[in-house]
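Trainee: Structure here, sequence nowhere to be found:
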């Protein structure tokens, strides 16, 4: 991968096997959809470059989105990637109730292994293009998202519906956190300098009165 970018941002896509994580990422990065099912072994990743305004200036972002295996036998291999990721996509299948019920498990994994206690997360209910096979209602999905305080998108890797919109939302959340962290660091630095100057001024004043 070349270094023609200003920021490298890593996302991790997690969820049960078969929910459509790989197809989702292929649709986002290449605009393609393969009807054949390929089970991810371990972990893989896709890359896409974007232009994004940060602190009022256009910056080149390189999004590196990791696609994890949902099968239980691979889960211990993928936990190391949780700490390296800045944002997370928790995905379930609207046609598979178990994948919806397992949202709690995946959020618990994030609580245990993510880089911080309050990482940026979006929830995606995939396969919205299959209304006749749907078993998870929009009301139930919205309720779960609200309970965990997560932005929720109903997506389709087949048609591309809400695929870009969901990723863009996650980028927005991560960039806002980066900006606020940067601004806080500047404020802390200025505050520290003021304390140093104040201490120095006091020392100089004491010398004057000796």
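Mentor: Everything's here; your move. Bear in mind the structure is a predicted one, so any value in this text is a computation, not a measurement.

Trainee: ranges for the strands of the chain?
Mentor: 7-14, 43-54, 57-68, 87-93, 120-126, 152-154 (DSSP state E).

Trainee: wait, isn't residue 6 in contact with residue 61?
Mentor: Yes - with contact defined as CB atoms under 8 Å, residue 6 counts as touching residue 61 (7.1 Å). To be clear about C-beta, it is placed using only N, CA and C from the backbone, and glycine gets the same treatment.

Trainee: before we move on, the earlier item: would you format the strands of the chain as TSV with mean pLDDT, mean neighbour count and distance to residue 133 included?
Mentor: Formatted as TSV, the strands of the chain follow (pLDDT from 0 to 100; neighbours: other CB atoms under 10 Å; distance: least, CB to CB, whole Å):
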stretch	mean pLDDT	mean neighbour count	distance to residue 133
strand 7-14	93	21	22
strand 43-54	85	14	26
strand 57-68	90	18	23
strand 87-93	97	26	10
strand 120-126	98	25	12
strand 152-154	98	21	14
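
Trainee: Could I get these in TSV, plus columns for distance to residue 81?
Mentor: Formatted as TSV, the strands of the chain follow (distance: least, CB to CB, whole Å):
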stretch	distance to residue 81
strand 7-14	6
strand 43-54	6
strand 57-68	5
strand 87-93	10
strand 120-126	15
strand 152-154	22
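
Trainee: Pick out the residue nearest the middle of this structure.
Mentor: Geometric centre of the chain, nearest residue: residue 87, 2.1 Å, by CA atoms, centre = their mean.

Trainee: which residues sit in contact with that residue?
Mentor: 9-12, 119-122, 170-171, 173-174 (CB atoms under 8 Å, 6 or more residues apart in numbering).

Trainee: closest to residue 152 among those?
Mentor: residue 122 (7.5 Å; CB to CB).

Trainee: mind listing what the closest one touches?
Mentor: By CB under 8 Å, 6+ apart, the neighbours of residue 122 are 87-90, 150-153, 166, 169-170, 173.

Trainee: Can you name the residues bridging to it?
Mentor: Judged by DSSP bridges, the bridge partners of residue 122 are residue 89.

Trainee: Equivalent analysis for residue 48, please.
Mentor: Beta-bridge pairing for residue 48 (DSSP bridges): residue 63.

Trainee: where's it relative to residue 8, distance?
Mentor: Applying CB to CB, to the nearest Å, the value for residue 48 to residue 8 is 12 Å.

Trainee: Now for these two: what residues contact both?
Mentor: Jointly contacting residue 48 and residue 8 under the rule CB under 8 Å, 6+ apart are residue 62.

Trainee: which residues of the chain score low on pLDDT?
Mentor: 1-3, 34-43, 69-78, 182-210 (pLDDT under 70).

Trainee: hmm, try it at 90
Mentor: 1-4, 17-18, 22, 30, 32-47, 53-57, 67-84, 115-117, 177-210 (pLDDT under 90).

Trainee: With distance to residue 56 added, can I get the contacts of residue 87 in CSV?
Mentor: Shown next, in CSV, are the contacts of residue 87 (distance: CB to CB, whole Å):
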residue, distance to residue 56
9, 19
10, 24
11, 24
12, 29
119, 26
120, 22
121, 27
122, 25
170, 21
171, 17
173, 19
174, 18
